[in-house]
Structures are given as C-alpha cells and as structure tokens.
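>>> have a look; sequence and predicted model below, questions after that.
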Amino acid sequence: MKNTLELTAENFHRIESDVNGNPRYYLPIYLAGEPAVRKIGGVKYRGKKYGAGWVFQSYALQGEIDALNASA
C-alpha cells in the first residue's frame with residue numbers, strides 16, 4: 001500500500017513510554033502500509049485506546065517519517 005500523502009510529525013501521536021522509558025509514537029494503520037512500517041521497526045499497536053495502528057519506539061521521529069515517505 002502506497003502513501004498518497006506526505007507524512008508529518010502531526011500524523012503521529014505520542015503514547016506512554018515503554019517499560020525502559022523509551023518514547024513511543026502511534027500512527028494510524030491507514031496512513032502507512034505494513035511492509036514499509038515493518039522494514040523500519042514498527043510494530044502493531046495492540047491497545048484499544050487508539051484503534052488499529054503502528055507503534056514506533058524512537059528518539060528521532062523525523063528519521064522514521066523520512067523513511068516512510070521515501071518508501072511511498
């Protein structure tokens with residue numbers, strides 16, 4: 001699935017940190033395809049608060065955004 005829009009930091013939602021204190025970000029599932037997300041380390045969001053989506057553990061969110069935009 002290809003992106004039809006350019007992802008920005010506003011597309012991501014900051015969620016609570018993991019057990020080690022690393023920052024995590026949620027991206028709705030319809031904004032990025034599975035192959036691109038998994039390639040850069042995204043995992044499925046398993047909570048119920050935000051619905052279906054992807055989670056990224058990152059200190060440099062812009063790097064993930066650039067990688068996803070490049071794969072589109």
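Looks like it arrived, so ask away.
>>> and Tyr25, what are its phi and psi?
Per-residue torsions, Tyr25: phi -130, psi 140 (degrees, to the nearest 10).
>>> er, Val55 I mean
When read as degrees, to the nearest 10, the backbone of Val55 gives phi -120, psi 130.
>>> ok, longest helix in this protein?
Taking DSSP state H as the criterion, the chain has its longest helix at helix 61-71.
>>> pLDDT at the closest residue to Glu6 other than its chain neighbours, what is it?
In space, and not counting its chain neighbours, Glu6 is closest to Asn69: 5.8 Å by C-beta to C-beta, 6 or more residues apart in numbering. The C-beta positions use only the backbone N, C-alpha and C, and glycine is treated the same way. We have a pLDDT of 92 for Asn69.
>>> with Met1 instead?
With respect to pLDDT, Met1 scores 50.
>>> same thing with Ala72?
pLDDT, read off for Ala72, is 70.
>>> assess the claim that it and Ala36 are in contact.
Yes: using C-beta atoms under 8 Å, Ala72 is in contact with Ala36, at 7.4 Å.
>>> tell me which of those two has more neighbours.
Ala36 (19 against 14; other C-beta atoms under 10 Å).
>>> which secondary structure elements does the host helix or strand of that one contact?
Using DSSP states H and E, Ala36 falls within helix 34-39. Here helix 34-39 touches helix 61-71, going by 3 or more C-beta pairs under 8 Å, 6 or more residues apart in numbering; DSSP states H and E.
>>> can you pull up the most central residue in this protein?
Nearest to the geometric centre of the chain sits Leu27, at 4.2 Å (C-alpha atoms, centre = their mean).
>>> you'd agree that residue is in a helix?
No: Leu27: not assigned to a helix; according to DSSP: H, G, I helix; E, B strand; the rest coil it is strand.
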